[in-house]
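J.: Here you go, sequence then predicted model.
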Amino acid sequence: MAQTAPLLREVSLRTDTATYLLSRDKVEVQGELTQYFWYRRDDETVELRLYPAAEASAKSLRLRRSSDYLQLDSLTKEDDGSLRTRLKFKNLTAAGFLRLVVEQAADSVGAAPRRQVVPLLPLARTTLALRVLENELFVGEEKVLELTSSNARNVQASGEWVRGADFDYRLVREANGTLRLHVLPHQLGSRALLVKAQTERPTLLPNGRLSYQLPVLRQEFNVKGSRLRFLSPDQRSVTMNELNRRRGVELILDNGRSFDLRRTYRIEDQEEPGGTLIAELFTRQYLSNDRVLCYLRPYNTHRQTAGYLYIKENDVARYVTNLDITPETVVRSVQVLHRGGEWTGNLSVSPGELVDVRLEGEGLQKARLSFEDLPIVPSDSSVRTDARLVYRVMVPVGYAKRKSTIYNIGQPIGHALTIKEFQRPHPLDFVSVGYGEAARPITRLGGPVLYDGTIRDVVFQFNPNGIDQSEQLFGKQFLSFEIRTLNSKGELMELRNVENVVICPGDNSPRAAFYADKQCRTDPLSLNALLARKTYDLDDWSRILVTVKHQTAPYAEPGYTQTVEVVLKRRYKFDIDVSFPAGLLTRRQGESGYGSFGGISLATLAQLSFYSPDKINRLRPYKIGAGFVALNAFNLSNTSSNDRDLGLVILGSVYPTRREAKFTFPLYLGGGYLLSAGKWFYLLGPGIGVRL
């Protein structure tokens, strides 16, 4: 078969430091010529130039997409005939079998499409160094050292142990990318550690060969013998309870070489004799992996941070080990912290509430606590010690149970959070009052209401949907009503109290199903159903005062109070008035001039008084009336000048408005008809009024 002619005569890769050509910079990898280039960053950006062969058309060439790089620009033809673009690689260290695929589409003559593959090999320069501050090691004790590298990602760190005559070692890469060298010595004396590490990406040697091997790290250590050998247990924590104290806990230890089977050893917290007995160790049998199966019977608690544990035979320490011996998890008390409050032993929480739960007891650090159907919210302020745990718990708004049991590894601990509906006082805008006009919220009245019609009834209505919202829950509202009726003088006529009016949130509340209660009131509250003297039978300027307030017992915080005052307003007043005009100037029809000042007269008038529209029960200073006037009725003189007569009059009078005045001196102006004289007349003058 004839070999297909190549599409490209040259490929150029240019980084920020060098330019690499396919014809010059290539190396054989597994029998295939591969273009190499050096990189410093995993996301290196390079300039790619493709030089088409003579018989290939530059317009029909394209670069196939790949998941290993991102093509930043489209292929652009340059003046030298090359096609230029930029590539940004994604992960050069981890990417395998990196290559460029150049394709030529089929032409109009019918020639088949062609492609050319250009293999790429990234090369990296990597250094690895070990810095040791103290070169002392002890037999059987593992030492962890930090490695420094110019390209830590390119160093292979499998974590597997490399066995040697003098040392065992392994390379480990931590989550933050730091390289650690774990060293375990075997032989005493001055020993040289040789660490052989490899890279993920090779380097190019001067002879043109590829190398994945880093220079060998050599470090001299002074290895000393330890009098006590450390035995690693298979468990890091053992629970001390009555069952484990009697029967023991199965524990697998390293083979101490001098262990005697079926023998009991004493474990103390100090190397010298007379230490506190922490536990007893009974050796049971050897295992095939050079370990020993034992029974551990704990008698006291111990923390690894408090120091090592010594395995003794006849008060002589033979081995050293370490593990946590903790008491059984016991929760003695549970407390709850509400937002803005203090810790309390009342475990009642409300739906939609975020609370902190504090548990106190023993052995809590190893506890795995959970709250039934309640999520635990991560918090930076969470406390976790052996004696105290603090969790932040969110109670969902739609939580459907009355209790949330607290579990430890699936077992109840004997405590539970009680789900209690919110019981907070809501502003009284959900209460409306109607007194002859459209009902209005009592919080919008803004003072006394002056009503000039007949009040058929005063009705209080309740809006259950105005209490709970989706984000804010208030719960049941416990109200009391104090109803007072006063006469026009402000004297109390009747007093009624209505206690324990319960208004439950409506169907819009996410907790509506949990508020169901026979005490919940839905019908309006009518005052006429409570008062002996109905509102439509009250006198002018009577007042109805209703004080609506939250009851204090159901709430932990002060409630709201609102007073509704309705006043029976009147525009005018009709009354029969008796007064004593004195010193009147009268002018009769057909007579010239005014007569002399008269004596004391008696006036009986049907008068209209007018109230001030902006004040309660305050009259204007003028009146208009019609009636009879007995002129000079109290003139006891027997002279002929005594001019008595009875007249029909229409009078306007001006009165002082001071309420505390017992004697008043009004001014009269008007006219009428004298019955004896048969004449029309006009009059003007003062009078005397007496208020009892």
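T.: All right, it came through fine. Numbers count the residues shown, from 1 in each chain.

J.: The helix or strand where V331 lies packs against which elements?
T.: With elements taken from DSSP states H and E, the one containing V331 is strand 330-337. For strand 330-337, the elements it packs on are strand 343-344, strand 354-362, strand 403-408, strand 411-419, judged by 3 or more CB pairs under 8 Å, 6 or more residues apart in numbering; DSSP states H and E. C-beta: built from backbone N, CA, C; applies to glycine.

J.: repeat that for 10 Å
T.: The contact analysis (3 or more CB pairs under 10 Å, 6 or more residues apart in numbering; DSSP states H and E) places strand 330-337 against strand 343-344, strand 354-362, strand 388-394, strand 403-408, strand 411-419.

J.: downstream neighbour of the shortest one in the secondary structure list?
T.: To tie it back to what came earlier, the one meant is strand 343-344. By DSSP H and E, the next helix or strand past strand 343-344 is strand 348-349.

J.: What average pLDDT does that next one get?
T.: Taken as a whole, strand 348-349 has an average pLDDT of 89.

J.: Return the set of buried residues in stretch 29-36.
T.: Residues of stretch 29-36 classed as buried: T34, Q35, Y36 (neighbour count, 16 or more other CB atoms under 10 Å).

J.: So which of these sit within strands?
T.: Cross-referencing the buried residues of stretch 29-36 against strands under DSSP state E gives T34, Q35, Y36.

J.: is it true that the second one touches L8?
T.: The one in question is Q35. No - in this structure, Q35 is not within contact of L8 by CB atoms under 10 Å, at 11.1 Å.

J.: any common contacting residues for these two?
T.: L22, L100, V118 (CB atoms under 10 Å, 6 or more residues apart in numbering).

J.: Send over stretch 531-547 as PDB, restricted to the C-alpha atoms.
T.: This file holds the C-alpha atoms of stretch 531-547, laid out as PDB (Å, rounded to 0.1, in the frame of the first residue of the first chain):
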ATOM      1  CA  LEU A 531     -73.700  45.400  77.000                       C
ATOM      2  CA  ALA A 532     -76.900  45.900  78.900                       C
ATOM      3  CA  ARG A 533     -77.400  49.300  77.400                       C
ATOM      4  CA  LYS A 534     -77.000  48.900  73.700                       C
ATOM      5  CA  THR A 535     -74.900  51.200  71.600                       C
ATOM      6  CA  TYR A 536     -78.000  52.500  69.700                       C
ATOM      7  CA  ASP A 537     -79.600  53.600  73.000                       C
ATOM      8  CA  LEU A 538     -76.700  55.800  74.100                       C
ATOM      9  CA  ASP A 539     -77.100  59.600  74.600                       C
ATOM     10  CA  ASP A 540     -75.300  62.300  72.700                       C
ATOM     11  CA  TRP A 541     -71.600  62.600  73.300                       C
ATOM     12  CA  SER A 542     -71.500  59.200  75.000                       C
ATOM     13  CA  ARG A 543     -68.200  57.400  74.600                       C
ATOM     14  CA  ILE A 544     -67.400  53.700  73.900                       C
ATOM     15  CA  LEU A 545     -63.900  52.800  75.000                       C
ATOM     16  CA  VAL A 546     -62.500  49.300  74.200                       C
ATOM     17  CA  THR A 547     -59.000  48.300  75.200                       C
END
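
J.: Give me the below-cutoff pLDDT ranges for the stretch 551-692 of the chain.
T.: Scanning the stretch 551-692 of the chain for pLDDT under 70 picks out the ranges 571-574, 582-583, 590, 592-599, 608, 610-612, 616-618, 635-643, 657-663, 688-692.

J.: is it true that Y682 touches R588?
T.: Yes - between Y682 and R588 a contact is recorded at 8.3 Å, counting by CB under 10 Å.

J.: And these two? Which one has more around it.
T.: R588 (18 against 15; other CB atoms under 10 Å).

J.: residue contacts, the residue nearest to the more buried one when sequence neighbours are not counted?
T.: Distance criterion CB to CB, 6 or more residues apart in numbering; nearest residue to R588, sequence neighbours excluded, is F681 at 4.5 Å. If a contact means CB under 10 Å, 6+ apart, then F681 has 586-589, 591, 595, 629, 631, 645, 647, 649, 670-674 as its contacts.

J.: Enumerate the beta-bridge partners assigned to F681.
T.: On the basis of DSSP bridges, F681 is bridged to R588, G672.

J.: mind checking how far it is from G625?
T.: 17 Å (CB to CB, to the nearest Å).

J.: Tell me where the stretch 401-550 of the chain has strands.
T.: Taking DSSP state E, counting those that start in this stretch to define them, one finds strands in the stretch 401-550 of the chain at 403-408, 411-419, 431-434, 440-441, 449-451, 459-462, 477-486, 492-503, 525-526, 543-550.

J.: counting contacts, what elements does the last one pack onto?
T.: Helices and strands touching strand 543-550, as assessed by 3+ CB pairs under 10 Å, 6+ apart, comprise strand 431-434, strand 477-486, strand 492-503, strand 561-568.

J.: out of those, nearest to D42?
T.: strand 477-486 (64.2 Å; CB to CB).

J.: tilt between the closest one and strand 543-550?
T.: Orientation check (axes from the mean of the first three to the mean of the last three CA atoms, to 10 degrees): strand 477-486 against strand 543-550 gives 160 degrees.

J.: coming back round to it: give me the mean pLDDT for the strand holding V331.
T.: 91.

J.: One more: stretch 276-289?
T.: Rounded mean pLDDT across stretch 276-289 is 91.

J.: Sort out which residues of it are buried, please.
T.: I278, A279, E280, L281, F282, T283.

J.: and the next element down the chain from the one helix or strand the second one maps to?
T.: Spelled out, that is A279. If you go by DSSP H and E, A279 is part of strand 277-286. Where DSSP H and E defines the elements, the next helix or strand beyond strand 277-286 is strand 291-298.

J.: just to revisit the earlier point, would you mind telling me which of the helices and strands packed on strand 543-550 is nearest D452?
T.: strand 561-568 (7.9 Å).

J.: In contact with the spatially closest residue to Y555 that is not a sequence neighbour, which residues are there?
T.: Leaving aside its sequence neighbours, Y555 sits nearest to P425 (CB to CB, 6+ apart; 5.4 Å). Contact partners of P425, counting by CB under 10 Å, 6+ apart, are 474-475, 477-479, 549-552, 554-561.

J.: Quick check: the nearest residue to G352 once chain neighbours are set aside vs T326, distance?
T.: Of all residues beyond its chain neighbours, the one nearest G352 is V397 (4.3 Å), with distances taken as CB to CB, 6+ apart. For V397, the distance to T326 (CB to CB) stands at 38 Å.

J.: With Y69 instead?
T.: 54 Å.

J.: With neighbour numbers in mind, choose between the two.
T.: Y69 (24 against 20).

J.: Could you list everything that one pairs with in the sheet?
T.: Under the criterion used (DSSP bridges), Y69 bridges to F89.

J.: What is the burial count for P273?
T.: What P273 shows, counting by other CB under 10 Å, is a neighbour count of 11.

J.: Is it part of a helix or strand, or is it coil?
T.: Of the three states, P273 takes coil under DSSP: H, G, I helix; E, B strand; the rest coil.

J.: With adjacent residues omitted, what lies nearest to it?
T.: In this structure, P273 finds its nearest non-sequential neighbour in D315, 4.2 Å apart by CB to CB, 6+ apart.

J.: Same check on R440?
T.: S432 (5.9 Å).

J.: who are the neighbours in contact with the one you found?
T.: 438-444, 459-463, 466, 524.

J.: Report pLDDT for it.
T.: S432 carries a pLDDT value of 92.

J.: and what of K401?
T.: Reading off the model, K401 has pLDDT 85.

J.: P122 too?
T.: For P122, the pLDDT comes out at 91.

J.: Can you say which of the contacts of S432 are buried?
T.: Judged by 16+ other CB under 10 Å, buried ones among those: P441, I442, V459, F460, F462, G466.
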